[in-house]
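Peer 1: quick one, what's the 3D model for this:
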Amino acid sequence: MVPIISVKSVSSVVRKLTLAALTAMLLVLHGPTLAALALHNGAGLLLRPRWQAAGEGGFPACGAGVAPAAGAWIERALCLNPQDERAWLLRGRAAWLAGRCDGALRDWERALSLNPRDPAAWALYLAAGGNGLQPDPAIAEGVASYFLFLGDRSQKAEQWEDALQWYTRAFSLHPTTAATWKLEALYLRLEQKEAAVAVWEELATHLPTSDPDRWWALGRAAELSERWEHAALFYGEGARRSPRPYDFRMREGAAWERLRDWARAE
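Peer 2: Numbers count the residues shown, from 1 in each chain. Next up, the predicted model:
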């Protein structure tokens, strides 16, 4: 009796044989390290459109898609070179799309152990909620900029909670005035004025007294709280320390005006 073989089974065998043949050829021509590189590059080409489609150009939700064709390429690359950091990154992406969230984090941690200065690995790990590791300040600044970009995308789509999450991650990594303004605007939209005040106060704790931005942060927190005298004094201190005091003086004057102290306001 002739066994019945489905078309799906045949195509699966052909794909495996093709990958095996390709791997053998690459090994003969280039050795294991370059063969692994070629395989993970191929996997990246297969995975990229799935990742982009799932995240619509941003960071996809865990379990938002699958990348079955890329998986075999990635595993073969790692068999040839377990120290291939880029293959671990791709393996994590495939796991994330398939809903294996913890496995993805472990893969990205492995990639970071191989190259702790890779901003792409940090962005993936931290965007997925990883918190066991932290990048050094030079890396954190770049990743924070990426998170602000994701926050802007979410806000444009009126996905307010997602935007708040990205902006908060950016601020936690690299507290800046730019990130704080974005958080303030969103908190006020969500009618969370106390949170807006708190984020300015937190920014101030990260800055030395010699930095004019510290006094701007304290002034803005006082302004939002309608503590006008404090706001005026903080902005005045910032003006004295800043090489560009114009904005500080305008804010200081507006605060004195609120107190009807016309002479100081003028």
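
Peer 1: what ranges do the helices span in the protein?
Peer 2: Using DSSP state H, the helices of the chain run over residues 7-30, 32-55, 68-80, 85-97, 101-114, 119-127, 137-156, 160-173, 177-189, 193-205, 212-224, 228-241, 246-258, 262-265.

Peer 1: hmm, who's touching stretch 233-250?
Peer 2: In this structure, residues lying in contact with stretch 233-250 by Cβ atoms under 8 Å, 6 or more residues apart in numbering are 210-216, 218-219, 222, 251-252, 255. For every residue, glycine as well, the C-beta is placed using N, CA and C.

Peer 1: pretty sure Asp107 sits against Trp88.
Peer 2: Yes. Asp107 is within contact range of Trp88, at 5.1 Å (criterion: Cβ atoms under 8 Å).

Peer 1: quick revisit: looking at the helices of the chain, which is closest to Ala61?
Peer 2: Taking Cβ to Cβ, helix 32-55 is the member of these nearest to Ala61, at 7.5 Å.

Peer 1: pull out the buried residues from the closest one.
Peer 2: Residues 35-40, 42-44, 46-47, 50-51, 54-55 are the ones in helix 32-55 that count as buried (16 or more other Cβ atoms under 10 Å).

Peer 1: with stretch 218-238 instead?
Peer 2: Within stretch 218-238, the residues that count as buried by 16+ other Cβ under 10 Å are 218-225, 227-228, 230-238.

Peer 1: now stretch 204-221
Peer 2: Neighbour-count burial for stretch 204-221, with 16+ other Cβ under 10 Å as criterion, is recorded at Ala204, Leu207, Pro212, Asp213, Arg214, Trp215, Trp216, Ala217, Leu218, Gly219, Arg220, Ala221.

Peer 1: just those residues now: which is nearest Leu124?
Peer 2: Checking these against Leu124 by Cβ to Cβ gives Leu207 as the nearest, at 29.5 Å.

Peer 1: touching, the closest one and Leu218? I think so.
Peer 2: No. If you go by Cβ under 8 Å, Leu207 and Leu218 don't touch, sitting 9.5 Å apart.

Peer 1: list residues touching both of these two?
Peer 2: Here Leu207 and Leu218 share no contacting residue, scored by Cβ under 8 Å, 6+ apart.

Peer 1: can you list the weak-confidence ranges in the stretch 51-200 of the chain?
Peer 2: Scanning the stretch 51-200 of the chain for pLDDT under 70 picks out 57, 66-68.

Peer 1: do you know the pLDDT at Glu229?
Peer 2: With respect to pLDDT, Glu229 scores 96.

Peer 1: list the contacts of it.
Peer 2: Residues near Glu229 by Cβ under 8 Å, 6+ apart: Ala255, Leu259.

Peer 1: could you redo the last one with a cut-off of 10 Å?
Peer 2: By Cβ atoms under 10 Å, 6 or more residues apart in numbering, the contact set of Glu229 is Ala222, Ala255, Trp256, Arg258, Leu259, Asp261.
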